[in-house]
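S.K.: Have a look; sequence and predicted model below, questions after that.
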Amino acid sequence: MTTAALDLSGDPKRKRRERRVRILFQSAAVFSIVVSAAIVFSLIGRAIGFLLEIDLSQLWADGWFPRRGRFDLRTIVWHTLVVSAIAMVVATPLGLGASVYLSEYASPRARRVLKPILEVLAGIPSVVLGFFALKFITPNILTTFFPGTQQSNLLAAGIGVGILIIPLVASVSEDAMRAVPIALREASYGLGAQKWRTSLSVVFPAALSGIVASLILGLSRAIGETMVVAIAAGATGGSLLQVNPLNGGQTMTGAMASLAIGSDQVVGEAGTFDSLFFVGLLLFFMTLALNIFSERFVKRFRQRY
Amino acid sequence: MATRSKMPTTSDLVKASISGKKTDFVGIAVAFILLLTVFVSLGILITLLADMLIKGWSVFADRGWDFISSPLSPDPEKAGLSQAIFGSLILMVFVVIVAFPLGVGAAIYLEEYAKDTRMTRFIVANMRNLAGVPSIVYGLLGFAVFVQLLSGITNGRTLISGGLTLAVLVLPIMMITASEALRAVPDALRQASYGVGATKWETIRHHVLPVATPAILTGSVLTVARAFGESAPLLLAGAVLSNFFSAPAGTGVVTLVTEGDYTALPIVVFNWARQPQKEFVAITAAGIVVLLVILLLVNGVAIYLRDRASRRAA
Amino acid sequence: MNVFSVHDLNVYYSDFHAVRDVSVDVKEHEITAFIGPSGCGKSTVLRCFNRMNDLIETARVEGEIKYHGVDLYGGEVDPVQVRRHIGMVFQKPNPFPKSIYDNVAFGPRIAGFKGNLDELVESSLERAALWDEVKDILDQSAFALSGGQQQRLCIARAIATSPDVLLMDEPASALDPIATLRIEELMHELKGEYTIIIVTHNMQQAARVSDRTAFFNVSLNEQGQRTGQLVEFDETGLIFTNPKETATEDYITGRFG
Ligand SMILES: Nc1ncnc2c1ncn2[C@@H]1O[C@H](COP(=O)(O)OP(=O)(O)OP(=O)(O)O)[C@@H](O)[C@H]1O
Ligand SMILES: [Mg+2]
């Protein structure tokens, strides 16, 4: 925009308004960022406080019993991994199968019906799945196959979390497969490949990085999922490390929830309540790492097409 | 037929070689397995819905509207959802008036005004990562900042703290969906507008926003629905997790919001779900049915908005 | 000897009549060129020859295409088998995101090729005039190649399944003049072994490479829809020197429009 000649200098009122609008939006952006940065700082301070308060050897103790000053990280991290692994075993075949079906096989009409249903599934709150896991999956399914199942158990929680992330895995990997250019499919058909061959040997590998990203995102969501675990695996005062997923146990998020539930009446050793912030920070970094990792994959996929 | 021999030229041979001789068993198996995964996923959804309806039906049949309009109570025969629904609605008001303008405003700035610098890209990437942070971690923020640090403004464990916590939780998601909607507006439209001498804001207001609004609205409605179902952060941000609480005296809405204890629909469901007595199973399921019906309505609105917009565009 | 004889071919997309009453004979070991203005249905007709139109849900084909005397759209014919005999090269190079080797090997592999795959890949790349350029980088991604090389790779990929016919839809339109020239030379060499049908917008190209040329044009039908039609089909020399129809003459002399 030139301002050289006098009659091109523009209407000052209009220019002032431009500046005001710009500043308005800029402050929205700045504010959003400040607020978000506050998360990290609110965690770090008290997490460090926690480490200073406690006897560090208790991070490697016998079980997670924050009210008795025992903060064994192995216990809750292990349980988190068990639940997430079960969740991935449930969500990977169902989510990927549904995504291949929706992207390659479904007629436009079928897709128009199925996609919103998938979105409904994605919108189901985690408390609902927690209750479903506790009152349906455990008594009606698990106790039938494994009579020794405890009322609260890691397996039911894992299945519940798995159901929760099916839609995430399905929709992110479906997007990746649909982003594969039609030209690649035509090339494959043109060589005499059948539909299944084209879907599985051409489209699927071409979308692989996006599909991997969907799985990592699902894993990250599984690790951070709280309510299903709190309801179905037991948000009790603490737990010992459990190897058998048919027993109840506390995950990182479950431990946080049970501390939060008692947040005003927490009594116990030094650092009991602040352990919440330490676990929260750990969780934050774990999911952050996974999210950044999955972003990498998505980027690699985007660069290609 | 990948042999190097030349094609036979008699039409019978040709016919034999291009006719579908054998059934493609692998193809059928693959299609079957894929369809099976879809049906299993649908089956889970249907089972879940049916299970909730079966378990909770007696509550609606026996108590009807009373279940919706009663306050909490330690007696499962009397306990109702009025306080939970009130709390959830007020929480959503906070989400809409705080997170929507901030998220959309930030998106407009980052997409339309900010230069594509390292800093801008860093901020956008950051927002993406924040959207993936587990919601309970936002609860810690809500506790540390709104319940404790700013207790002078929020009065501690009130709907203000809860509402602001949820607003911060969905802020990155709001921003990302708005950004994507803005990015989907073709650049040619902006060029055309500048070409006839419009300023930046005029271009945004008259050309970019009208095109992007349906997608922004759809995304925002879905985001609000997500906040509606959230409970983990509210556990930390001061929601009352008990079978009973009393409202402060002289209850106007403003007092309730600024001073009273509060709870929310998913929190009540959680609380009921963890009660050991059998009688709570029915009202938990009934509470879930109410929660799902509300969410289904909200999602329906979003899907309707999107469908209408895409039909118009077509 | 006719490889294809097309009789009264009509193609519809939903209720849009894209191509009307096309009849052509395609002769063995010849190069047949399809020319004509944009939207006149050249690609549509071409895609009927290997039943690629089956993949478009709205597309409907009427009329008759005989391939070596066999009705291509007959009941027992399997489109997947058809495409193993009738290969296709597309307008934009579309290599798979795999190695150069795997691109060429894909077709033979899915067809259950039992012989020496390495030899087949080498000979296909040689016939596509690409071997010397890629023989040391066979395991690198096909995306590392230039556009012209990618297109020759797609040709190698198509001939690796030993097809009988090659369909080429504007194979050189995304390439620079030098790469275009290489593709044209290649077509001349391949002509001995294959029957080739090429769609092109480039009149000189049609004149240089083809034995016969079909000129398609768009006309309005009774409902006022723009429908493609075959205007003239003859030996290339005649089409370019002595066309019978004025529309053909207008088009090839650039007076079209
Ligand atoms: N998948 C489709 N669905 C609906 N209409 C189509 C489809 N593909 C092509 N058409 C229409 O059919 C007509 C013929 O298209 P076609 O692509 O065959 O033309 P063409 O001669 O190859 O043009 P060009 O030289 O631009 O490639 C056009 O009007 C086009 O819009
Ligand atoms: Mg074309």
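M.R.: All right, it came through fine. Ligands and ions are numbered 1, 2, ... in the order given.
S.K.: contacts and neighbour counts: CA atoms only from here.
M.R.: OK.
S.K.: and the residue of chain B nearest chain A?
M.R.: Among the residues of chain B, B:Ala106 lies closest to chain A, at 3.9 Å counting by CA to the nearest CA.
S.K.: right, and that residue touches A:Ile33 too?
M.R.: No - using CA atoms under 8 Å as the test, B:Ala106 is too far from A:Ile33 to be in contact (9.0 Å).
S.K.: quick revisit: any figure for the gap between the residue of chain B closest to chain A and A:Ser57?
M.R.: Applying CA to CA, to the nearest Å, the value for B:Ala106 to A:Ser57 is 45 Å.
S.K.: try B:Trp272
M.R.: Applying CA to CA, the value for B:Trp272 to A:Ser57 is 38 Å.
S.K.: Who has more neighbours out of the two?
M.R.: Under the criterion of other CA atoms under 10 Å in any protein chain shown, the comparison of B:Trp272 against A:Ser57 puts B:Trp272 first, with 26 against 10.
S.K.: quick one, strands of the stretch 51-200 of chain C?
M.R.: For the stretch 51-200 of chain C, the strands defined by DSSP state E, counting those that start in this stretch cover C:59-67, C:70-71, C:86-89, C:165-169, C:195-199.
S.K.: List the neighbouring strands of the shortest one plus their orientation.
M.R.: Right, the one you point to is strand C:70-71. strand C:59-67 (antiparallel) (DSSP bridges).
S.K.: which other residues reach the partner strand?
M.R.: C:3-14, C:48-49, C:53, C:71-73 (CA atoms under 8 Å, 6 or more residues apart in numbering or on different chains).
S.K.: Filter these down to the ones in strands?
M.R.: Of the contacts of strand C:59-67, the ones assigned to strands by DSSP state E are C:3-13, C:71.
S.K.: Tell me the spacing between whichever residue of chain A sits closest to ligand 1 and chain C.
M.R.: Going by CA to the nearest ligand atom, ligand 1 is nearest to A:Ile182 of chain A, at 11.8 Å. Between A:Ile182 and chain C the distance is 9 Å, computed by CA to the nearest CA, to the nearest Å.
S.K.: What residues sit buried inside stretch C:74-84?
M.R.: C:77-84 (16 or more other CA atoms under 10 Å in any protein chain shown).
S.K.: Identify the farthest-apart pair in those residues.
M.R.: C:Val77 and C:Arg84 (12.4 Å; CA to CA).
S.K.: The stretch 151-300 of chain B: helices as residue ranges?
M.R.: Using DSSP state H, counting those that start in this stretch, the helices found in the stretch 151-300 of chain B span residues B:151-154, B:159-183, B:187-195, B:200-203, B:209-229, B:232-236, B:253-258, B:265-273, B:279-313.
S.K.: now the last one and helix B:265-273, what's the angle there?
M.R.: What that stands for is helix B:279-313. 150 degrees (axes from the mean of the first three to the mean of the last three CA atoms, to 10 degrees).
S.K.: Which residues are in contact with B:Ala282?
M.R.: B:55-59.
S.K.: Mark which of these are buried, thanks.
M.R.: B:55-57, B:59.
S.K.: Now C:Thr213. Its backbone dihedrals?
M.R.: Per-residue torsions, C:Thr213: phi -130, psi 140 (degrees, to the nearest 10).
S.K.: now it: how far from chain A?
M.R.: Taking CA to the nearest CA as the measure, C:Thr213 falls 24 Å from chain A.
S.K.: partner residues bridging that residue?
M.R.: Beta-bridge partners of C:Thr213, counted by DSSP bridges, are C:Ala33, C:Asp234.
S.K.: Just give me the neighbour total for it.
M.R.: A total of 25 residues lie near C:Thr213 under the criterion other CA under 10 Å.
S.K.: In contact with it, which residues?
M.R.: Here C:Thr213 is in contact with C:32-35, C:206, C:233-236, C:239 (CA under 8 Å, 6+ apart).
S.K.: just to revisit the earlier point, ok, which pair from the ones in strands among the contacts of strand C:59-67 is furthest apart?
M.R.: It's C:Val3 and C:Tyr13 that sit farthest apart of these, by CA to CA, at 26.3 Å.
S.K.: residue contacts, C:Phe240?
M.R.: When contacts are counted by CA under 8 Å, 6+ apart, C:Phe240 touches C:207, C:249, C:252.
S.K.: Highest neighbour count among these?
M.R.: Among the contacts of C:Phe240, C:Ile252 has the most neighbours (other CA under 10 Å), with 20 neighbours.
S.K.: ok, which stretches of the chain are helices?
M.R.: Just going to use chain A. A:12-53, A:73-100, A:108-122, A:126-132, A:143-145, A:154-178, A:182-190, A:195-197, A:204-206, A:208-224, A:227-229, A:252-261, A:275-304 (DSSP state H).
S.K.: Chain C, not that one
M.R.: So, for chain C - with DSSP H - the helices run C:42-49, C:79-85, C:100-110, C:117-127, C:131-134, C:147-159, C:177-190, C:203-209, C:236-241, C:246-252.
S.K.: and those as CSV, adding mean pLDDT and distance to B:Gly238?
M.R.: Output for the helices of chain C, formatted as CSV (pLDDT from 0 to 100; distance: least, CA to CA, whole Å):
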stretch, mean pLDDT, distance to B:Gly238
helix C:42-49, 95, 65
helix C:79-85, 89, 63
helix C:100-110, 93, 60
helix C:117-127, 94, 68
helix C:131-134, 94, 67
helix C:147-159, 93, 62
helix C:177-190, 88, 70
helix C:203-209, 91, 76
helix C:236-241, 92, 84
helix C:246-252, 89, 78
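S.K.: Could you look over those helices and pick the most buried one?
M.R.: Scoring the helices of chain C by mean neighbour count under mean count of other CA atoms under 10 Å in any protein chain shown gives helix C:147-159 as the most buried, with a mean of 27.
S.K.: What is that helix packed up against?
M.R.: strand C:86-89, helix C:100-110, helix C:117-127, helix C:177-190 (3 or more CA pairs under 8 Å, 6 or more residues apart in numbering or on different chains; DSSP states H and E).
S.K.: Would you tell me which of those gets closest to B:Ala84?
M.R.: Evaluated over those, closeness to B:Ala84 peaks at helix C:100-110, with 60.1 Å, by CA to CA.
S.K.: And that closest one, what does it pack against?
M.R.: Applying 3+ CA pairs under 8 Å, 6+ apart, we find helix C:100-110 packed against helix C:117-127, helix C:147-159.
S.K.: Compare neighbour counts for C:Val3 and C:Tyr13 and give me the winner.
M.R.: The residue with more neighbours, out of C:Val3 and C:Tyr13, is C:Val3; 20 against 16, by other CA under 10 Å.
S.K.: who's in contact with that one?
M.R.: Applying CA under 8 Å, 6+ apart, we find C:Val3 in contact with C:25-28, C:66-69, C:195.
S.K.: Please name the residues that touch residue 40.
M.R.: Since no chain was named, I'll use chain A. By CA under 8 Å, 6+ apart, the contact set of A:Val40 is A:Leu281.
S.K.: Switch to chain B, please.
M.R.: Residues near B:Val40 by CA under 8 Å, 6+ apart: A:Leu94.
S.K.: Okay, and it sits in which element?
M.R.: helix B:25-63 (DSSP states H and E).
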